[in-house]
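1. Next one to model:
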Amino acid sequence: MKIALIAHDKKKEDMIRLAVKYREALAPHELFATGTTGTMVMGETGLKITRMKSGPLGGDQQIGSMIAEGKLDLVVFLRDPLTAQPHEPDVSALLRLCDVQNIPLATNVKSAEIMLENLASLDA
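-> Below you'll find the predicted structure:
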């Protein structure tokens, strides 16, 4: 599977904890992430991740393009719903693309855990 990992600034530590917990489930898959999130997750897990630009600098749009082209199978996007994002139109477009393309999307830790638990069970 091709999986994208994205996290707003206040959710990056949550993403790192998820990636550490589900490292074995994620390892056999092709991983993509926005810039800073990818760097942080790679540093903590050793997972191989193809990094895009930072979200506000076009990374969300790069991931969105992959979704539109059918090049992703799952998106974990830990969003911070309480902080205004300067690139909110890009975020909204990415979420809409997941719906249009029928791509599973986790936007919080609990939904991500459910998806990653399922992923782990499929690989077992």
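
2. what about the strands in this structure?
-> All strands of the chain, identified by DSSP state E, fall at 2-7, 30-33, 49-51, 74-78, 105-106.

3. Same list (those strands) but as TSV, adding distance to residue 60 and mean neighbour count.
-> (C-beta placed from N, C-alpha, C; glycine too.) Output for the strands of the chain, formatted as TSV (distance: least, CB to CB, whole Å; neighbours: other CB atoms under 10 Å):
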stretch	distance to residue 60	mean neighbour count
strand 2-7	7	24
strand 30-33	11	21
strand 49-51	13	17
strand 74-78	9	24
strand 105-106	13	20
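
4. With mean pLDDT and distance to residue 40 added, can I get those in TSV?
-> Below are the strands of the chain laid out as TSV (pLDDT from 0 to 100; distance: least, CB to CB, whole Å):
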stretch	mean pLDDT	distance to residue 40
strand 2-7	97	8
strand 30-33	98	9
strand 49-51	98	10
strand 74-78	98	12
strand 105-106	98	18
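
5. now those strands as a markdown table including distance to residue 18?
-> Below are the strands of the chain laid out as a markdown table (distance: least, CB to CB, whole Å):
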| stretch | distance to residue 18 |
| --- | --- |
| strand 2-7 | 8 |
| strand 30-33 | 12 |
| strand 49-51 | 13 |
| strand 74-78 | 7 |
| strand 105-106 | 9 |
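
6. Let me know which of those strands is the nearest to residue 39.
-> Among those, strand 49-51 comes nearest to residue 39, with 6.6 Å by CB to CB.

7. So in that sheet, which strands flank that closest one, and in what orientation?
-> According to DSSP bridges, strand 49-51 forms sheet pairs with strand 30-33 (parallel).

8. re the thing from before, go through the strands of the chain and name the closest to residue 15.
-> strand 2-7 (3.9 Å).

9. of the strands of the chain, which approaches residue 19 most closely?
-> strand 2-7 (7.0 Å).

10. Sweet, I'm off.
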